[in-house]
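K.L.:
quick one, structure for this:
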Amino acid sequence: MVTIKPQVQEYYASLNAVNTAGGIDPEKISSTDDIQQRLKLLERLENANEKFD
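P.N.:
Numbering: from 1, shown residues only. Here you go, the predicted model:
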């Protein structure tokens, strides 16, 4: 049985959230709210990456 550590789960959840929101593709950003959302998601991903590292 393989157990996935919480740090790995958070990393992949954060990465998936960024990708689901459209990543950093400028064509998928249509408002300042979209920009703010992406920044929060990317900050979450950065924090998860630091814990994963």
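K.L.:
alpha carbons only for contacts and neighbour counts from here, please
P.N.:
Noted.
K.L.:
where in the chain is pLDDT low?
P.N.:
Scanning the chain for pLDDT under 70 picks out 1-3, 53.
K.L.:
residues near the residue nearest to Gly22 when sequence neighbours are not counted, how many?
P.N.:
The shortest distance from Gly22 to any non-neighbouring residue, by C-alpha to C-alpha, 6 or more residues apart in numbering, is to Lys28 (5.8 Å). When neighbours are counted by other C-alpha atoms under 10 Å, Lys28 registers 12.
K.L.:
how about Asp34?
P.N.:
By other C-alpha under 10 Å, the residues close to Asp34 number 14.
K.L.:
name the SS class of it, please.
P.N.:
helix (DSSP: H, G, I helix; E, B strand; the rest coil).
K.L.:
how close does Phe52 get to Thr32?
P.N.:
Relative to Thr32, Phe52 is positioned 30 Å away (C-alpha to C-alpha, to the nearest Å).
K.L.:
who has more neighbours out of the two?
P.N.:
Using other C-alpha under 10 Å, the more surrounded residue of Phe52 and Thr32 is Phe52, with 14 against 9.
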